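>>> return a 3D structure for these sequence lines:
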Amino acid sequence: MNGEAFFSRMLGSLDGALCVVDRSGNIRASNAAFALLAGRTPAALQGVSLRMLLPAPHADTLLAQVSVPDPELCVITSPFGTAGSSRLVARLEVVGSPAPDSDWVLISACAPDADATRQTREALLELTLRQTEGFMGAIMENSPIGIVLTKDRHLIDYNPKFREMFAFRGNEGVGLPGRTLYRCDDEYEALGALATPLLSVGQPVKTEMYMRCHDGSDLWVSLIGYVQNQEDPREGTIWLIQDRSQRKQAEESLKVKSDELAAILDNASVGILFTRNRRFLHCNRRAAEIFGYASAEALIGQPGISIYPDAESYDRVGREAGPLLAAGGSFHTEWLFRKADGSPVWCRIYGKAVDPTRTDQGTVWIVEDITDVKRTEEALHQTVREMEAIMRNAPVGIIFTRERRIFRYNRKLAEMFGASTATRASACRRACCTAPTRNTARSARSPRRCCPKASRSRKSSSCSGRTARRSGST
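Here you go, the predicted model:
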């Protein structure tokens, strides 16, 4: 038999009971109808020989065709079933093999008369119904999600998980209106407006929403609804309900933190950047301003080297920062960067790896513009250098005092007053000036001597003045 003929026969036998046997007549697979005729389950028939289900003469006839490479169509009518049970008379047919070298042969079976066929179908229907009920019962009892059945907008049944989720005791929720499970009429009607068009055409409805428990608390749930019978949606709806409250709380908490972080980033007086794989993935508005970009979006996605004066500067930061970040430490320094327009900008930077054990996860950088500070420092250093030059080269004495004490003077002053280098370095000497006294006039006539040499000079000058007046000199 060719493949086309084999599949034609197989398709023609689909309404009956079917099994697949090997060339020795051992059953390798069977459907529920075949197992029902044999008085066993499909699993129990696995590996059973046809000789166990048929009288010996009939089994020999059937297996003779099964064993040949290309079996002919063979039909027998025989008592069929396991030994010790009441065997039904069945009509068995060797449908054929898909190929001469195939190990599999298809066999169909059916009751020979209308009454037997009807009884078989009724028995099969009953078996299927029992299996379905058992299967549904197992699902209802052991499902990790809530299952509730509704009809005409009332609860008609639910599983233990639903009872636990909605705080019902026993079956006290059975018969309650579906509205009981919702916080307000608007939410209940909104679900109806969403679900009705879908369920009425046999389509499932899926959504997430708040629902109200029997004790008054609220749950955020994932809700999926199916009609029990697509041909008649009025028979009721099955709802699968999964508690998503923890996930909802986590999402809301994450949103709050995200909003807080966004507020910090948008209003921070320093630049904040996040880099990964040598590119900017996030940054705030201030970072964009520092580096001369019109917006944060303009800087995001740019390579890290774009804000450095040259590749050598960029590589040097990597060499200095890499070991510290990998060790879980922070990197901070002052560095000269480059703006988008090419102009220089001095920044104080702080870097920290998101995960020191996996530096490829990225780094957070805090950047502070210190260009004005650097300019002020440079101006101050220039002033100091100029002052030092003046102190070293001035042809006059220069002295700095504070609270009537000498803090500093130049070489010329030291030469004028005979002070040594050690004297210059000593602390807190008397000021080389006249100290004020209570009697101003007396102070003017009696100067306070600051050092011997200065005193002698003033005395000599005074004597010379008196001599000049006595001699009439002007």
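>>> how would you label G47: helix, strand or coil?
At G47 the chain is in coil, as set by DSSP: H, G, I helix; E, B strand; the rest coil.
>>> that one and Q65: what is the separation?
Separation of G47 from Q65 (C-beta to C-beta, to the nearest Å) stands at 21 Å. (Glycine included, C-beta is placed from N, CA and C.)
>>> who's more crowded, these two?
When G47 and Q65 are compared for neighbours, Q65 comes out ahead with 17 against 9, by other C-beta atoms under 10 Å.
>>> surely the more buried one and A59 touch.
No - counting by C-beta atoms under 8 Å, Q65 does not reach A59; the two are 11.4 Å apart.
>>> low-confidence ranges, the stretch 201-350 of the chain, go.
For the stretch 201-350 of the chain, applying pLDDT under 70 flags no range at all.
>>> where exactly do the strands run in it?
Here the stretch 201-350 of the chain has its strands, by DSSP state E, counting those that start in this stretch, at 205-212, 218-227, 237-243, 271-276, 279-283, 330-338, 344-353.
>>> hmm, G216 and R183 touching each other?
No - with contacts defined as C-beta under 8 Å, R183 does not count as touching G216, sitting 10.0 Å away.
>>> so the two - more neighbours on which side?
Neighbour totals were compared for R183 and G216, and R183 leads with 13 against 8 (other C-beta under 10 Å).
>>> assumed the more buried one was part of a helix.
No - applying three-state DSSP, one finds R183 to be coil, outside a helix.
>>> so who does it touch?
If a contact means C-beta atoms under 8 Å, 6 or more residues apart in numbering, then R183 has 210-212, 218 as its contacts.
>>> over to K248?
W220.
>>> can you rerun that using 10 Å?
Going by C-beta atoms under 10 Å, 6 or more residues apart in numbering, K248 touches 208, 210, 219-221.
>>> got it, and V174?
148-149, 154-158, 168.
>>> need phi/psi at it.
Phi and psi for V174, reported as degrees, to the nearest 10, are phi -70, psi 130.
>>> how near is it to H282?
53 Å.
>>> what do you get for A17?
From A17 over to H282 (counting by C-beta to C-beta), the distance is 66 Å.
>>> what about these two, which has more around it?
It is A17, of A17 and H282, that has more neighbours when counted by other C-beta under 10 Å, with 24 against 17.
>>> I'd say that one and A109 touch.
Yes - A17 lies in contact with A109 (C-beta atoms under 10 Å); the separation is 4.4 Å.
>>> what stretches of the stretch 51-200 of the chain score poorly on pLDDT?
Applying pLDDT under 70 to the stretch 51-200 of the chain flags the ranges 83-86, 112-136.
>>> strands of that one, start to end?
Under DSSP E, counting those that start in this stretch, the stretch 51-200 of the chain gives strands at 74-80, 88-96, 105-110, 146-151, 154-158.
>>> still on that earlier bit, now list whatever residues contact both of Q65 and A59.
Counting by C-beta under 10 Å, 6+ apart, the residues touching both Q65 and A59 are I76.
>>> what's the helix or strand for R375?
helix 371-393 (DSSP states H and E).
>>> what residues of whichever helix or strand comes after that helix count as buried?
Once the chain leaves helix 371-393, the next helix or strand it forms, by DSSP H and E, is strand 399-402. Of the residues in strand 399-402, I399 count as buried by neighbour count, 16 or more other C-beta atoms under 10 Å.
>>> buried ones among the contacts of V174?
148-149, 155, 157-158, 168.
>>> farthest pair in those residues?
Largest separation among the buried ones among the contacts of V174 by C-beta to C-beta: L149 and F168, giving 14.1 Å.
>>> can I get stretch 381-391 in CSV, CA atoms only?
In CSV, the C-alpha atoms belonging to stretch 381-391 read as follows (Å, rounded to 0.1, in the frame of the first residue of the first chain):
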residue,chain,number,x,y,z
HIS,A,381,49.1,82.9,42.2
GLN,A,382,50.0,85.6,39.7
THR,A,383,49.5,88.3,42.4
VAL,A,384,51.7,86.4,44.8
ARG,A,385,54.4,86.0,42.3
GLU,A,386,54.3,89.7,41.5
MET,A,387,54.4,90.5,45.2
GLU,A,388,57.4,88.3,45.7
ALA,A,389,59.2,90.1,42.9
ILE,A,390,58.4,93.4,44.5
MET,A,391,59.6,92.3,47.9
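>>> and it, how far from the chain's centre?
Taking C-alpha atoms, centre = their mean, to the nearest Å, one finds the center of stretch 381-391 at 58 Å from the center of the full chain.
>>> partner strands of the strand or helix carrying L18, parallel or antiparallel?
Assessed by DSSP H and E, L18 sits inside strand 17-21. Based on DSSP bridges, the pairing partners of strand 17-21 within the sheet are strand 27-30 (antiparallel), strand 105-110 (antiparallel).
>>> who touches the shortest one?
For strand 27-30, the external contacting residues (C-beta under 10 Å, 6+ apart) are 17-22, 34-38, 40-50, 52-53, 103-107, 109.
>>> make CSV from the strands paired with strand 17-21 and add distance to D315 and mean neighbour count to it.
Formatted as CSV, the strands paired with strand 17-21 follow (distance: least, C-beta to C-beta, whole Å; neighbours: other C-beta atoms under 10 Å):
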stretch, distance to D315, mean neighbour count
strand 27-30, 68, 20
strand 105-110, 73, 23
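>>> if we can go back for a sec, name the nearest of the contacts of K248 relative to E252.
Among these, W220 lies closest to E252 (C-beta to C-beta), at 9.3 Å.
>>> so who does that closest one touch?
Contacts for W220 were tallied using C-beta under 10 Å, 6+ apart; they are 208-211, 243-249, 251-252.
>>> which PyMOL command selects the buried ones in those residues?
Buried residues among these (16+ other C-beta under 10 Å), as a PyMOL selection:
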select buried, resi 209+211+243+244
